[in-house]
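[1] need a 3D model of the sequence below.
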Amino acid sequence: MGEEVVLLLIVDGMSYSTLEASNTPMMDYLHRKGAMLTNCVVEAIPTISRSAHATIATGAPVEVHGIYGNKYYERKNGKLIGFGPKHLRAETIAEVAEREGLNVSVLGNKGLGLSDITQEMHTPGDEGGAKAIRILGKGASVIRVSDNTEVLEEARKQILEKIRKREPISHKQYVELDNVLAELVVETLDTEQPDLLMATFFGVDKASHGYGPTSREAIFTMENFDRILRRILLHLEEKRTKVSVIVTADHGNTEVNNYIDIVSLGREIDGVEEIITEGRRSARVYLEDDADREFVKDELLRIRGVRDVVDVYWDSEKVGDLMVFPGYSSTFGVGLITTRRSCHGSPAPSDSVVPLLYYVPGMKFEKYVIVRQVDISPTISSMIGVSPPKDSVGRSLFSPFR
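    Sure thing, here's the model as predicted:
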């Protein structure tokens with residue numbers, strides 16, 4: 001084990017409402033020890049895992065790094081394509097660190113696509129959470145996606161059986177998957193001795209989708225992550241390794257109770273070639289060449305529950321021509337075998353403002369600042385002593401508050 005390590009732990013879908021409702025003694029302890037707990041603004045819209053992981057990895061805005069969401073509609077072939085590392089156009093923190101001779105490990109669980117059975121599960125090339133991990137870790141010497149263990153296979157089997165029977169999925173499956181990843185984190189710290197380790201835990205997101213962000217199931221999963229954090233830090237303490245840590249989320253979650261079939265209704269509008277949802281609280285609209293844009297916008301706004309329709313004028317081949325967002329507590333997810341209780345994807349604060357805890361031994365952060373997701377990569381750069389990725393537009397939080 002090396003003398004120092006920097007950890008970036010991403011809790012997929014951790015909203016402020018979930019964190020505030022949970023008992024998290026380890027995070028509270030770090031806060032008392034001087035850690036900064038603040039707001040982090042997710043600027044990539046839609047607020048979705050892959051675009052957020054790309055922003056965190058590069059410090060670049062979405063129009064620069066090119067990962068616009070989880071998927072896009074390929075007009076020429078009429079297919080859905082999952083965004084992956086090959087679409088990433090900006091340099092990552094892992095690439096910079098490895099070039100400077102540092103060891104980077106990036107870990108996560110395969111998402112399995114089992115929070116519901118939807119079109120997203122069958123997107124060509126889609127690997128659930130694995131693609132987000134590979135985006136985050138592009139350039140790292142070690143990328144491990146824990147998707148082949150007996151525990152994961154058994155969880156997949158049980159979850160699919162629940163879906164077939166139309167029964168609620170047990171949140172304990174997602175807790176178990178997070179625990180499997182925790183084992184992998186500890187093992188990797190020992191065997192690879194990374195200077196930087198980044199990992200994404202997706203249990204909170206899945207439990208929030210299934211039960212709601214302030215449900216006992218989501219709270220239990222959040223509290224389990226806090227126990228995982230304690231275990232990792234105690235393990236490093238036993239190894240006499242100095243550890244700095246950032247804990248944050250890729251996006252938030254909004255509790256929903258109003259369901260809008262935007263895909264079916266949108267496809268009926270003259271001039272719409274295709275419409276796809278991202279995170280269930282945003283939708284991309286791809287227009288036909290001769291479409292009347294203003295007519296389509298007016299028709300979309302007539303759909304009950306639609307709040308905003310926004311023009312998109314850059315990279316429309318992937319982003320689409322329009323973005324559509326529902327009102328608060330509404331979702332575009334209907335017709336699912338299992339109904340989501342929370343969703344994300346919109347610019348609403350519940351989706352786009354997430355917690356960030358930042359701890360460096362011996363440093364006390366007294367000044368409250370609002371952090372942007374583009375600040376994470378340059379902050380890590382300062383912590384490990386390398387230059388930020390060349391496309392980064394964020395600022396480091398490391399030095400100004402000593």
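[2] pretty sure Thr92 is touching Asp391, no?
    No: here Thr92 does not reach Asp391: they are 9.4 Å apart, not a contact under Cβ atoms under 8 Å. Quick note: C-beta positions are derived from backbone N, CA and C, even for glycine.
[3] okay, the two: which has more neighbours?
    Using other Cβ atoms under 10 Å, the more surrounded residue of Thr92 and Asp391 is Thr92, with 30 against 17.
[4] ok, that one - contacts?
    57-58, 136-139, 377, 389 (Cβ atoms under 8 Å, 6 or more residues apart in numbering).
[5] low-confidence ranges in this protein?
    1-2, 110-128, 147-156, 158-160, 162-171, 333-339, 365-368, 399-402 (pLDDT under 70).
[6] show me the helices in the stretch 201-350 of the chain, by range?
    With DSSP state H, counting those that start in this stretch, the ranges of helices along the stretch 201-350 of the chain come out as 203-211, 216-238, 262-267, 293-302, 316-319, 349-352.
[7] mind listing what's buried along the fourth one?
    For helix 293-302, burial by neighbour count (16 or more other Cβ atoms under 10 Å) applies to 296-297, 299-300.
[8] also the fifth one?
    Neighbour counts using 16+ other Cβ under 10 Å place 318-319 of helix 316-319 among the buried residues.
[9] run the chain-centre distance for stretch 258-277.
    Put simply, stretch 258-277 sits 25 Å off its chain's centre (Cα atoms, centre = their mean, to the nearest Å).
[10] got it, and stretch 344-360?
    For stretch 344-360 - counting by Cα atoms, centre = their mean - the centre lies 10 Å from the chain centre.
[11] kindly report the same for stretch 58-74.
    That offset, for stretch 58-74, works out to 13 Å (Cα atoms, centre = their mean).
[12] which residues do Thr92 and Asp391 both contact?
    Counting by Cβ under 8 Å, 6+ apart, the residues touching both Thr92 and Asp391 are Thr58.
[13] which residues in the stretch 251-400 of the chain form strands?
    Using DSSP state E, counting those that start in this stretch, the strands of the stretch 251-400 of the chain run over 254-255, 258-259, 272-277, 283-287, 306-311, 322-326, 330-331, 342-343, 353-359, 371-372.
[14] quick check: Ile232 touching Leu107?
    No: taking Cβ under 8 Å as the definition, Ile232 is not a contact partner of Leu107, at 11.4 Å.
[15] ok, these two, which is more surrounded?
    When neighbours are counted by other Cβ under 10 Å, Ile232 and Leu107 differ, and Leu107 comes out ahead with 26 against 21.
[16] does anything pack onto the helix or strand hosting that one? Which helices or strands?
    Here Leu107, judged by DSSP states H and E, is contained in strand 104-108. Judged by 3 or more Cβ pairs under 8 Å, 6 or more residues apart in numbering; DSSP states H and E, strand 104-108 is in contact with helix 93-99, helix 129-136, strand 142-145, helix 171-192, strand 196-201.
[17] surely Tyr359 and Ala35 touch.
    Yes: using Cβ under 8 Å, Tyr359 and Ala35 qualify as a contacting pair, with a distance of 3.7 Å.
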